[in-house]
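# predicted model, plus sequence, below.
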Amino acid sequence: MEKDKISTQQLAFMIFLLLIGSALVYVPGNTAGQDAWITTVLGAFPGLFVLYAVLKLNSMYPGQRISAISTIVLGKWPGTVLNILFAWGVFQFFVGLFYEFFILMQTIYPGTPRIIFNPLLILVGVYCLYKGINPLFRLGELLLFMTIIFIILGFAISLPNMYFSRLSPVLSTWKPLAAGVLYASDWPFDEMVMLGLFLPLVSDLKNKTRLLYKWYLLSALVLVLSTIEVVAILGSEMIQLYQIPLFQVYRTSGFAQFKGLEVFFMVLWFFSGMYAIFLYYQGFNFILQDIFTLKDYKSLIIPVGLCVVVFTLYMFPSDIDYRLMGFKYIPLYTFLSNLFYPAILLLAAVIRKKTSKTTAADLISN
C-alpha cells in the first residue's frame, strides 16, 4: 500500500537516528581507554559490510525482507531456524536499548519508577506502530536536523575543556583495542542489519544507494568525534566509571549552571533514543511476522510490548546485572546475528544464483 511506502532519504535519516540514538550518550569500545576513538573507527568497517550485504540481498530479491530471503535461499526449515536466532539477537538489542533508555531517564530524574515508566514507553510505541510505517519515518525527518544542530552546538561548547593529550599514548596495548573493536562493531554499527527489514518499503531506492552510505559514514564520524570529546574531557579511566559519560561531559562543560539547557539537550537524546527503540520494536514484529507467516504484523504489537516490559524487569533487576549481561554475554549473541546473519544469506544467495545459472545453461546446451 502507498501509505506504507517510504523514501530513500527517510531510510538514510533512519540510519543516522538509529546509530546515534543507540550510542551517542555512551562510548562504544570504552574498554580500549584512550584508544576508544580508534575502536569506533575500526568498528565502522564491519557495519559497512553489513550495509553492503543487506543492499545486495535486496537487489537480488527485490520486495523481500531479509527474514523472508532467509527461507528462500536456505529452504524453509534452515531459514526459519536462522530467523529465530536472528530474532533472538534483535530481541536482546531491543531489551538492552530499552533498559539503557530507562537508565538515561533515571539519571535525569532520579527515582523514576520502572514499573510505571516502562509500560508508559511501550504504550507510546504501541500507538506509533499502530499509526503505520510512514508516520514513524516522518517523525524521523522531524527529529533529524534538530539532533544534528545540538550535537554540533554541544561539541562546540565542550571544545575549550578538551585536553587532547589524554588521547595518548596511541595503540599502547592491543588486547583492549581488539575487544573494543569487537564491541563497537557489534554496537552500534552492525545494527545496519535492521535495514534489511525496511528496504522493501522504499519506493525510490534505485540509483540512490549512495545516499545510505553517506549517512552511514556521517553517523560514524559523529560517533568518532563524540568519543574523542568524551575521552579528551574525562580521561580514559573516568569514562568507565560513569553510566552516561556524555552527560558528565556537559556537566563538566558548565551546563550545571543552566539546568534548563541541560534538560533540553537530554530531551533531544530522549527522542533519538526513543526513535531507535521504536525501530527495533517494528523490526522485531516484522521478523515474527515472517517466522509465523502472518498476513499482518499489527496483531503482534501488544503481545511483543508486554514481553519486552516483563523481560526488562526480570532480565536486569539492577544496573550491575545489566552491565554483566550487556557487556559480557549479550554481544556473543548479537554479534553473531548482526554480522553473520546477512553474511550467510549473501553467500547462500550468490551460490544459489550461480547454481541456477549453471543448471539453466546445461538445459539449454542439452
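Okay, I see it.

# buried set for stretch 86-94?
86-87, 89-94 (16 or more other C-beta atoms under 10 Å). All C-beta spots, glycine's among them, are computed from the backbone N, C-alpha and C.

# now the residues you listed in a markdown table, please, with extra columns for distance to residue 161, secondary structure and pLDDT.
Shown next, in a markdown table, are these (distance: C-beta to C-beta, whole Å; DSSP: H, G, I helix; E, B strand; the rest coil; pLDDT from 0 to 100):
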| residue | distance to residue 161 | secondary structure | pLDDT |
| --- | --- | --- | --- |
| 86 | 42 | helix | 94 |
| 87 | 43 | helix | 94 |
| 89 | 38 | helix | 87 |
| 90 | 38 | helix | 91 |
| 91 | 39 | helix | 90 |
| 92 | 36 | helix | 85 |
| 93 | 33 | helix | 85 |
| 94 | 35 | helix | 89 |
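
# pull the most distant pair out of these.
Using C-beta to C-beta, those span at most 12.3 Å, a distance reached by 86 and 94.

# quick one: contacts for residue 176?
Contacts for residue 176 (C-beta atoms under 8 Å, 6 or more residues apart in numbering) come out as 31-33, 35.

# need the buried ones from these selected in PyMOL.
Here is the PyMOL command that selects the buried residues among these (16+ other C-beta under 10 Å):
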select buried, resi 31+32+33+35
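
# determine which two of the contacts of residue 176 are furthest apart.
Those two in the contacts of residue 176 that are separated most widely, counting by C-beta to C-beta, are 31 and 35, at 9.5 Å.

# just say helix, strand or coil for residue 12.
Assigned with DSSP: H, G, I helix; E, B strand; the rest coil, residue 12 falls in the helix class.

# I figured it was touching residue 209, is that so?
No - contact criterion C-beta atoms under 8 Å: residue 12 and residue 209 do not qualify, at 9.7 Å.

# in stretch 218-237, what's buried?
In stretch 218-237, counting by 16+ other C-beta under 10 Å, buried: 218-220, 222-224, 226-236.

# distance from it to the middle of the chain?
Computed by C-alpha atoms, centre = their mean, to the nearest Å, the separation of stretch 218-237 from the middle of its chain amounts to 18 Å.

# hmm, who's touching that stretch?
Contacts of stretch 218-237 (C-beta under 8 Å, 6+ apart): 15-16, 19-20, 23-24, 27-29, 33-34, 36-37, 40-41, 44, 47, 151, 155, 158, 161-164, 166-167, 188-189, 239, 242, 245-246, 248-249, 252-253.

# can you tell me which of the residues you listed are buried?
For those, buried by 16+ other C-beta under 10 Å: 15-16, 19-20, 23-24, 27-29, 33-34, 36-37, 40-41, 44, 47, 151, 155, 158, 162, 166-167, 188-189, 239, 242, 245-246, 248-249, 253.

# got the contact list for the spatially most central residue of the chain?
The structure's the chain has its C-alpha centroid closest to residue 191; by C-alpha atoms, centre = their mean the separation is 4.2 Å. By C-beta under 8 Å, 6+ apart, the contact set of residue 191 is 18-19, 22, 47, 93, 338.

# confirm that it sits in a strand.
No - with three-state DSSP as the criterion, residue 191 is assigned helix and is not in a strand.

# need the pLDDT of it.
Note for residue 191: predicted pLDDT of 91.

# mind checking how far it is from residue 92?
Applying C-beta to C-beta, to the nearest Å, the value for residue 191 to residue 92 is 12 Å.

# nice, that's everything, thank you.
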